[in-house]
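# here is the input, now give the coordinates:
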Amino acid sequence: MSVIFSTHPLHPQAEALLKAAGDLRIASAPDPETLLREGAGAEIVIVRARIPPAFFQLASMLRAVIRHGAGIDMIPYDTATAAGVLIANVPGANALTVAEHVLMVSLALLRQFRPMDRDLRNIGWSAGRAHSDRALDLAGRTMGIVGMGSVGKAVFRKAKYGFGLEIVANSRAPASLPHGVRFLSVDDLVSTADIVVLCCPLTPETTGLVSRDRIARMKPGTILVNVSRGPVVDDAALIQALEGGRIGGAALDVFSTQPLPLEHPYFRLNNVIVTPHLAGITEESMMRMGTEAAAEAIRVLEGGLPTNLRNPEVIQHYRRRFPA
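Below is the predicted model of the structure:
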C-alpha cells in the first residue's frame, strides 16, 4: 500500500479517506528529526509543520507534499521542485474561518474587551463599565487589506457587506480586486486605513513589509491585525508604537518565533490580542482542510495532478519519475 505520512493528526473524516487509500502514518512529533525518521518511504506528505530540506533527499518514493491550509512557506519550494516533487495546498478551505477571526478581534480591540473583562472580574462592575467611554464602533471605519487571495476576499465580503466598512486593498494583481474595493499602494493604505489587515503570503517581498516607516505612517488609533505570517511585521517597531500609544492596538495570530515565549512584550500590553496561530482553525475548517488535502492526495495516487498545484514547472520532471 502507498504510504501517506502526516506531520499531525487530521480530522477523522480526512483520516478515514486516507486510510482507505493507503497506509496512513501520523508523526509522533513534528520536529525535523522525527519527520525525517518516520517519513521515510512516504509517497504523500500532508504538511502542518515545517518540512526540512533533507526530507527530499531521503524520500525517493515521494510524489507530493500537500499543505493542510494555504501558506506553503513550510515547504522548501526550490528543494522540492528540484527533487521532482509536486507541491499542493487547499487555499480556500479556511478563508471564511480566518475572516470571522479578523472581525472578532477587530471588534474586541475597538470595544476595549480585554481591559473591560479584566477590570470587571478583578475590580468590579463600574471599573469594567468605565472602559466603554473609549469604545468605538466598527461600522463607518475604513479597513485596509494587504493581500487579496481567498482570505483577503473573504475578509472583504464580511467587512463590506456585513458591517458596512469602506475597503481599500493592496494586491499583486490589482485587476483581480472585487468590485467595491479601492486599490492603494501599501504606503497609502497604512496611512488611510483605521484597521490594517495582513492576509498576504510570506515572500521575500513581504518580509518586513510593515516596517518602522510604515507604522509611523499609520493614524493614531489604527489597529493592526496580522493573520498572514509573523516576519511580515517589524516586531520591535510595532512594540514601540504600541507601548507609546502611537497606534490603537494589534491583534496578532502569527509570530516570527512560534511558540511565542511567555516573557514576550506582547503578553503584557493591554492593547494587544495574542492568539496561538489559530485564526483558521475550527471544527468545520479542520474538516474542510483535511478532506480537501485528502482528495488531493488520492488524486495524485491515482495518477493525476493536484487541482491546486503550486509548482507547475515540476510536471515534466515529476512525470519522468512517475509516468502517468
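# for C199, phi and psi?
phi -120, psi 10 (degrees, to the nearest 10).
# buried sites along the longest helix along the chain?
Determined from DSSP state H, the single longest helix within the chain is helix 283-301. The neighbour-count check on helix 283-301 (16 or more other C-beta atoms under 10 Å) flags 285-301 as buried. Bear in mind the C-beta positions are built from the backbone N, C-alpha and C, glycine included.
# residue at max distance from the center of the chain?
Centroid-distance maximum for the chain: S126 at 38.1 Å, with C-alpha atoms, centre = their mean.
# quick one: residues in contact with the helix or strand that contains that residue.
For S126, the host element (DSSP states H and E) is helix 125-129. Helix 125-129 has contacts (C-beta atoms under 8 Å, 6 or more residues apart in numbering) with M116, D117, D119, L120, R121.
# would you mind checking the average pLDDT for stretch 114-133?
On average, the pLDDT along stretch 114-133 is 97.
# now it: buried residues?
Going by neighbour count (16+ other C-beta under 10 Å), the buried part of stretch 114-133 is R114, M116, D119, L120, G128, H131.
# state whether the fourth one is indeed within a helix.
Think L120. Yes. With DSSP: H, G, I helix; E, B strand; the rest coil as the criterion, L120 is part of a helix.
# what sits against it?
So L120 contacts A127, G128, R129 (C-beta under 8 Å, 6+ apart).
# distance to A54 for these - can I get that in a markdown table?
Formatted as a markdown table, those follow (distance: C-beta to C-beta, whole Å):
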| residue | distance to A54 |
| --- | --- |
| A127 | 55 |
| G128 | 53 |
| R129 | 57 |
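# just name the closest of those residues to I87, please.
G128 (49.1 Å; C-beta to C-beta).
# so how far is F113 from that closest one?
Remark: distance between G128 and F113 (C-beta to C-beta, to the nearest Å) = 10 Å.
# R141 now?
17 Å.
# one more: P323?
Taking C-beta to C-beta as the measure, P323 falls 58 Å from F113.
# just the strands in the stretch 1-150 of the chain please.
3-6, 23-26, 44-47, 64-67, 86-88, 142-146 (DSSP state E, counting those that start in this stretch).
# columns mean neighbour count, mean pLDDT and distance to G245 on top of those strands, output as a markdown table?
Formatted as a markdown table, the strands of the stretch 1-150 of the chain follow (neighbours: other C-beta atoms under 10 Å; pLDDT from 0 to 100; distance: least, C-beta to C-beta, whole Å):
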| stretch | mean neighbour count | mean pLDDT | distance to G245 |
| --- | --- | --- | --- |
| strand 3-6 | 24 | 98 | 45 |
| strand 23-26 | 17 | 98 | 47 |
| strand 44-47 | 27 | 98 | 40 |
| strand 64-67 | 28 | 98 | 39 |
| strand 86-88 | 24 | 98 | 43 |
| strand 142-146 | 24 | 98 | 21 |
